[in-house]
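Student: next input, structure requested:
(one chain, ligands or ions: 1)
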Amino acid sequence: MKAVVTGLTAAFALAGSSIAAPAPAGPAPAPFSATGPVAITTPTAAIAGMQIKQVTKNVYMVVGQGGNSTVHVSLDGVILVDTKNAGTAIYNDLIGRIRWATVKPVRTVVVTHQHGDHSGNIGLFTAQNIPVITHSGLLQGQQRTNVPASNWPNKTYDGGRYPIIGTGGHIEAIAYHFTPGHTGGDTVVYFPDDKVVSVGDMLTSGTPNVDSPQGGTAKGIRDSIGEVLKLDFDWAIPGHGDNPMTKAEVQAYKQKWDTFISRGQAAVKSGVTKDKLMASIKTDDLGWNVNTPIWNNPQRIDALYAEFSQ
Ligand SMILES: [Zn+2]
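Tutor: Numbers count the residues shown, from 1 in each chain. This is a model prediction of the structure:
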């Protein structure tokens, strides 16, 4: 959930040329259970804190070393969502864990948003001519924050929907951009065959984050999660958090946003000043701690105050 991509240039410069697919790394994934992947538990410590977990028959999540990655396996190869923190060692570790799921190569990468803990290794995939697909807002955000061109995506889409097609014209995945939310260039990736949706940082097990300097809005997150809930899914993979979430858990999370926004609107209506805004909104019952520098950054407070005024 890094707000700024500081240090990316330096980290990326360290990334060497060693990008050959390594052997499987770390422990085997926790097994898939037909009765529900929420029972997935943490196995033994993994190299560099990374770990792969099976979510459904064909979908895995990889936690650690940045935001969660989603791995979708089909006859056509792997669709990977999000690339973790920058660095060849992390890249190699990620690919090594994907090898537990399949020997098939990564054929397409989708990145949910511009933050370096999700977009860090885009350049290691584009260097191999693997398509890396993002919303155009992600690229604009990278350019705004001076991310080097070597880590830009090689395919962007505009509008609300971009299907990823497999053999025989089958739709393997659909990238959706509903509205600016966590950032201005958010993508949600839906895997219809598996009824799994990879949501990025608009969904998290911890305190969420509205990166308003990069185009994010609280109401946008609420509305995008509302759109996610219209999809037919069993499991949602959050941007951060160790386990997939059920639809009921995503519904509960959406309700937290409804509550948070209505409390913020009530606070502004009651005449609270900007400097007291965050302290005046009750969030302990939501399990969120907004008493942090990120939430109280003056630029973000200005944007939230404006949102809550409407
Ligand atoms: Zn983020």
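Student: how many neighbouring residues does whatever residue of the stretch 151-300 of the chain ends up closest to the ion have?
Tutor: With Cβ to the ion as the measure, Asp201 is the residue of the stretch 151-300 of the chain nearest to the ion, at 3.6 Å. For every residue, glycine as well, the C-beta is placed using N, CA and C. Counted with other Cβ atoms under 10 Å, the neighbours of Asp201 add up to 28.
Student: for Phe308, give me phi and psi.
Tutor: phi -70, psi -20 (degrees, to the nearest 10).
Student: contact partners for it?
Tutor: 261, 264-265, 267-268, 277 (Cβ atoms under 8 Å, 6 or more residues apart in numbering).
Student: could you do Val78 as well?
Tutor: Val78 neighbours (Cβ under 8 Å, 6+ apart): 71-72, 98, 101-102, 104-108.
Student: now with 6 Å?
Tutor: Contacts were defined as Cβ atoms under 6 Å, 6 or more residues apart in numbering; by that measure Val78 touches 71, 104, 106.
Student: those, buried ones only, as a PyMOL selection?
Tutor: Buried members of the contacts of Val78, defined by 16 or more other Cβ atoms under 10 Å, are picked up in PyMOL with:
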select buried, resi 71+106
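Student: what's the closest of the contacts of Val78 to the ion?
Tutor: Val71 (19.3 Å).
Student: I'd say the residue of the stretch 151-300 of the chain closest to the ion and Thr183 touch.
Tutor: No - with contacts defined as Cβ atoms under 6 Å, Asp201 does not count as touching Thr183, sitting 8.0 Å away.
Student: ok so, going back, show the average pLDDT along the host helix or strand of the residue of the stretch 151-300 of the chain closest to the ion.
Tutor: Element membership for Asp201, per DSSP states H and E: strand 196-204. For strand 196-204, mean pLDDT rounds to 98.
Student: name all residues that make contact with the residue nearest the centre of the chain.
Tutor: Closest residue to the average C-alpha location of the chain: Gly200 at 2.0 Å, with Cα atoms, centre = their mean. By Cβ under 6 Å, 6+ apart, the residues touching Gly200 are 112-113, 239.
Student: hey, what's it bridged with?
Tutor: Pro238 (DSSP bridges).
Student: can I get the CA coordinates of the helix ranked longest in the chain in CSV?
Tutor: For the chain, the longest helix by residue count, based on DSSP state H, is helix 247-269. Taking C-alpha atoms only, helix 247-269 is exported to CSV below (Å, rounded to 0.1, in the frame of the first residue of the first chain):
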residue,chain,number,x,y,z
LYS,A,247,-18.7,-12.7,-0.8
ALA,A,248,-20.2,-12.1,2.6
GLU,A,249,-16.9,-10.7,3.9
VAL,A,250,-16.8,-8.4,0.9
GLN,A,251,-20.4,-7.3,1.6
ALA,A,252,-19.4,-6.5,5.2
TYR,A,253,-16.4,-4.5,4.0
LYS,A,254,-18.6,-2.5,1.6
GLN,A,255,-20.9,-1.7,4.6
LYS,A,256,-17.8,-0.4,6.5
TRP,A,257,-17.3,2.1,3.6
ASP,A,258,-20.9,3.1,3.7
THR,A,259,-20.7,3.7,7.4
PHE,A,260,-17.3,5.5,7.2
ILE,A,261,-18.5,7.8,4.4
SER,A,262,-21.8,8.7,6.1
ARG,A,263,-20.0,9.4,9.4
GLY,A,264,-17.6,11.7,7.5
GLN,A,265,-20.5,13.5,5.8
ALA,A,266,-22.2,13.9,9.2
ALA,A,267,-18.9,15.3,10.7
VAL,A,268,-18.5,17.9,7.9
LYS,A,269,-22.2,18.8,8.2
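Student: quick one, strands of the chain?
Tutor: Along the chain, the stretches classed as strands by DSSP state E are 51-54, 59-63, 69-74, 77-81, 106-110, 132-135, 155-157, 161-165, 171-176, 188-191, 196-204, 235-240, 245-246.
Student: for the ones you listed, which one ends up most surrounded?
Tutor: strand 196-204 (a mean of 28; mean count of other Cβ atoms under 10 Å).
Student: quick one: distance of that strand to the chain centre.
Tutor: 5 Å (Cα atoms, centre = their mean, to the nearest Å).
Student: check stretch 175-190 too.
Tutor: 9 Å.
Student: could I get the CA-only coordinates of that stretch as PDB?
Tutor: Provided in PDB are the C-alpha atoms of stretch 175-190 (Å, rounded to 0.1, in the frame of the first residue of the first chain):
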ATOM      1  CA  ALA A 175     -10.100  -6.600 -16.400                       C
ATOM      2  CA  TYR A 176     -12.500  -4.000 -15.100                       C
ATOM      3  CA  HIS A 177     -12.000  -0.400 -14.300                       C
ATOM      4  CA  PHE A 178     -15.200   0.700 -12.600                       C
ATOM      5  CA  THR A 179     -14.100   4.100 -11.200                       C
ATOM      6  CA  PRO A 180     -11.100   5.700  -9.600                       C
ATOM      7  CA  GLY A 181     -10.900   4.200  -6.100                       C
ATOM      8  CA  HIS A 182      -7.600   3.400  -4.300                       C
ATOM      9  CA  THR A 183      -5.900   5.300  -7.100                       C
ATOM     10  CA  GLY A 184      -7.000   6.800 -10.400                       C
ATOM     11  CA  GLY A 185      -6.000   3.700 -12.500                       C
ATOM     12  CA  ASP A 186      -7.400   0.800 -10.600                       C
ATOM     13  CA  THR A 187      -8.100  -2.600 -12.200                       C
ATOM     14  CA  VAL A 188     -10.100  -5.500 -10.800                       C
ATOM     15  CA  VAL A 189      -9.500  -8.900 -12.500                       C
ATOM     16  CA  TYR A 190     -12.400 -11.300 -12.700                       C
END
